[in-house]
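**Q** Sequence first, predicted coordinates after that:
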Amino acid sequence: MKKVKIYNMTKKIRLTSQQIIQLKKSGTSQKKMADIFGVIPKTITEWKKQNNPTPQERKRKLKGYGDIPELLKSCISKNIETKQWEMAEYVSKETGQSISQQTISRILRKHKITYKKLTYHYTQLDEEKAKAFNEEIKPLLETNPFIAIDECSFYPNLNPRFGYSLKGERAVSKKPGHKGKHYTLLFAIGNLKEKGVIHWKLTDKRVNWKVFYDFLEEIKPIGNKRNYLIMDNAKIHTAPDKRKEAGVPNVEEQMLKKNIEIRFITRYAPMINPAELCFNFLRQGTERSRSRNYEEMKSAIEKVIELLNTKDLSEYFRHCVEYFDKKEKKDKIPYNGKSNDKWKQIGLLPRKRKNIK
């Protein structure tokens with residue numbers, strides 16, 4: 001009975017952090033303290049935390065890493081497809097000290113260097129000519145209607161490339177073992193806010209100069225002003241010999257009859273053709289619908305075009321015309337870690353999130 005009485009009395013005692021530290025120095029373990037005071041060991045830990053007036057938080061010591069960041073930037077500038085383990089080997093070879101892939105990853109994050117999907121440009125691209133083309137188009141775009149034309153291939157048996165699944169399990173989806181019949185979409189958009197898609201045609205035939213000639217004949221000019229038509233200088237677009245043999249006018253004369261002047265895009269520069277920006281939407285739409293024949297493919301494309309007509313496609317034209325300007329601005333502006341300041345200097349502000357109640 002005496003022991004029980006002592007236990008009930010001592011149970012109400014609460015130790016301070018200093019007393020716990022002193023007891024530990026004298027050789028009393030945390031488990032023994034818990035037994036004496038009738039609590040679990042975790043409670044002793046909580047007492048120590050609560051009574052400590054100035055708890056010190058553990059912080060990772062900042063490291064400068066010396067010349068390693070500059071070595072990494074040099075390595076990436078030579079080959080942007082370099083893997084992190086290759087960077088670690090390169091730095092170890094240059095500095096003579098071992099460095100792990102995890103450290104490389106930490107340095108890259110600190111210096112805002114991220115791993116992202118590659119955007120490919122053709123090696124034959126003459127960037128100066130592409131810039132000159134854009135500078136020529138800019139003043140015309142403010143005053144005249146513009147039309148952009150291009151074609152794109154579609155296959156009916158393509159499925160969505162992403163899906164959901166439980167962690168650790170594959171996201172399995174079934175699809176046919178072959179792509180299916182090849183279809184070609186001829187596509188024309190204009191810089192109108194009311195209706196962006198001017199004309200389109202899906203065909204399962206081989207697209208040659210005659211198919212393209214008929215497609216151009218079906219295009220109607222926008223308004224009464226001189227229209228400008230943007231397209232690349234592909235063989236099926238011009239085909240001077242074939243047109244001459246058939247006794248039809250060349251492509252420039254064909255469109256001038258409709259008060260439309262053609263401006264050929266610089267070779268190997270699809271990024272400055274506004275029609276190219278629509279093809280990603282169109283492909284996603286046909287993949288989601290799991291189109292398996294011509295009618296299903298056509299129906300899926302019609303739905304995407306309805307969506308495109310609700311958008312202001314004049315922004316696509318502006319984006320293409322200012323493509324190299326934006327690229328140069330981003331390269332010149334030093335990044336100081338504050339995203340808002342960077343966007344303000346470019347002239348764009350990130351959208352603010354709406355508070356959901």
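**A** Received, thanks. Numbering: from 1, shown residues only.
**Q** which residues touch K298?
**A** L202 (Cβ atoms under 8 Å, 6 or more residues apart in numbering). Yep, even glycine has a C-beta here, placed from its N, CA and C like the rest.
**Q** Next up, phi/psi of it, please.
**A** phi -60, psi -40 (degrees, to the nearest 10).
**Q** what do you get for the one 10 residues further on?
**A** Note on L308: its backbone torsions stand at phi -60, psi -30 [degrees, to the nearest 10].
**Q** got it, and W200?
**A** Backbone phi and psi, for W200 under degrees, to the nearest 10, turn out to be phi -150, psi 160.
**Q** Ok, the one 10 residues further on next?
**A** Main-chain dihedrals, K210, degrees, to the nearest 10: phi -70, psi -40.
**Q** quick one: it from R161, how far?
**A** Separation of K210 from R161 (Cβ to Cβ, to the nearest Å): 35 Å.
**Q** between the two, who's got more neighbours?
**A** K210 (15 against 8; other Cβ atoms under 10 Å).
**Q** Retrieve the pLDDT associated with the more buried one.
**A** Note on K210: pLDDT of 94.
**Q** Next up, the contacts around it.
**A** K242, A246.
**Q** before we move on, what about the one 3 residues further on?
**A** Y213 is in contact with R243, V248, Q254, counting by Cβ under 8 Å, 6+ apart.
**Q** tell me the secondary structure for it?
**A** Assigned with DSSP: H, G, I helix; E, B strand; the rest coil, Y213 falls in the helix class.
**Q** again, but for T184
**A** strand.
**Q** Same question for C152.
**A** Once three-state DSSP is applied, C152 turns out strand.
**Q** what about it, neighbour count?
**A** If we define neighbours as other Cβ under 10 Å, then C152 has 16 of them.
**Q** where in the stretch 1-150 of the chain is pLDDT low?
**A** 1-12, 51-64 (pLDDT under 70).
**Q** What segments of it are helices?
**A** With helices called from DSSP state H, counting those that start in this stretch, the stretch 1-150 of the chain shows them at 2-10, 17-25, 30-37, 41-50, 68-78, 84-95, 101-110, 127-143.
**Q** quick one: contacts for L307?
**A** F281, G285.
**Q** What score does it have for pLDDT?
**A** 90.
**Q** how about it, phi and psi?
**A** Here L307 shows phi and psi, under degrees, to the nearest 10, equal to phi -70, psi -40.
**Q** Quick one: mean pLDDT for stretch 283-295?
**A** 87.
**Q** ends of that stretch, how far apart?
**A** The first residue of stretch 283-295 is 16 Å away from its last residue (Cα to Cα, to the nearest Å).
**Q** From the chain's centre, how far out is that stretch? Work that out for me.
**A** Here the centre of stretch 283-295 is set off from its chain's centre by 23 Å, with Cα atoms, centre = their mean, to the nearest Å.
**Q** Also stretch 297-304?
**A** 25 Å.
**Q** Now that stretch: buried residues?
**A** M297, A300, I301, V304 (16 or more other Cβ atoms under 10 Å).
**Q** That's all I had, so thanks and see you.
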